[in-house]
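Trainee: Structure, please.
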Amino acid sequence: MKKFKFILFTILSVGLIVSCNVDDDPQQLEADFATTPYVVGFNNSEASPAFLTDGAVNTYSENIVLIGGDNFSSNPSITVSFEVDETSTAVAGTDFDFVNGSQSLTIAENREFAPLDINFYSENINIDNPKVLILNITSADNNAVVGSQFQTLTITINGICFSNIGGMYNVTTTYGLHDFLPDFSTHNMDVEIEALGDGQYYVVDFSGGLYTVGPYVDAYGTGPTSFDVEFTENCGDIAWDGQTDPWGAVIPLDGGINSVDSDTGIVTISWYCEAYGENGVSVYTPL
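Mentor: Predicted coordinates:
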């Protein structure tokens, strides 16, 4: 069984080399496996985890594995040391920390891997310019060597925008076109942007009052749900699709602003009704 286990593990290891796009050097691999009973290395050469930028501390794990070696059947405990490459853009203590506080770990006796756990601090992730953490294995004890093909792990730290714009707002809407201009050219009211989860939101009256308290109520019988809209917010951008008023589709106003100011939290939504051309710019100021 042990011999079969070694053959299977070697096959998997070779497959891992292919999947990670490592530049294979058959002579070097042969040298690594022939000179010692034990060869260790990272199980991946590259990783690109993504974390929600909500301020949480996220623990991420990669493995340092016992790859094999000449006449591999069992192994003592093997302590493996590694270092942060100087070309890394991620900074220890700011962007990441090692969970055990050490730059070494031990593959236990007769075990084939040890987890390398890293804390990543999501509040410092740069979504537009991801930082990179590069780790190099430097040594291994107990007659083990580091496989040259498995020595380096490059981790690109990706971020996913955290959306949190739900709440009460004071909204001022400036109308570009409707049936009763120049009367009711602007309107101010308090509204709730209701969070639906996963960056999705709901507003009862997307018109900023025209359809609920303005002249469309008496003239056309509109009410609280005549112009309710669901929309999304992602990295400051507001978008929606498939939304309507009683007469047709509602789309973003051509050339209008649909975004969230990251400094003030002010939400600007520019909308256009395709059926009869009603349009306006609604500016939501957090209360």
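Trainee: number of nearby residues for Y121?
Mentor: 18 (other Cβ atoms under 10 Å). Just so you know, the C-beta spots here come from the backbone N, C-alpha and C atoms, and that holds for glycine as well.
Trainee: can you pull the contacts of it?
Mentor: Applying Cβ atoms under 8 Å, 6 or more residues apart in numbering to Y121 gives the contacts 57, 94-96.
Trainee: what's the answer for N136, then?
Mentor: Going by Cβ under 8 Å, 6+ apart, N136 touches 82-83, 85, 151-152.
Trainee: ok, now with 10 Å
Mentor: For N136, the contacting residues are 42, 81-86, 88, 146, 151-154, by Cβ atoms under 10 Å, 6 or more residues apart in numbering.
Trainee: Which of these are buried? Put it as a ChimeraX command.
Mentor: Per 16 or more other Cβ atoms under 10 Å, the buried members of these correspond to this ChimeraX selection:
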select :42,82,84,88,146,151,152,153,154
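Trainee: related to what we said a few turns ago, could the contacts of Y121 go into TSV alongside neighbour count?
Mentor: Compiled in TSV, the contacts of Y121 are given as follows (neighbours: other Cβ atoms under 10 Å):
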residue	neighbour count
V57	12
T94	11
D95	22
F96	22
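Trainee: Tell me where the stretch 51-200 of the chain has strands.
Mentor: For the stretch 51-200 of the chain, applying DSSP state E, counting those that start in this stretch gives strands covering 57-68, 78-84, 96-98, 104-107, 113-121, 131-140, 144-146, 152-160, 167-177, 186-197, 200-203.
Trainee: ok, the fifth one: who's next to it in the sheet?
Mentor: Right, the one you point to is strand 113-121. Take DSSP bridges as the rule and strand 113-121 pairs in its sheet with strand 57-68 (antiparallel), strand 96-98 (antiparallel).
Trainee: and for the shortest one, what are the contacting residues?
Mentor: Read that as strand 96-98. The set of residues external to strand 96-98 that reach it, using Cβ under 10 Å, 6+ apart, is 57-58, 60, 82, 84, 88, 90, 92, 104-105, 116-121, 124, 131, 133, 135, 155, 157.
Trainee: quick one on the thing from earlier: between the contacts of Y121, which is nearest D141?
Mentor: Distance to D141, by Cβ to Cβ, is smallest for F96 among the contacts of Y121, at 25.5 Å.
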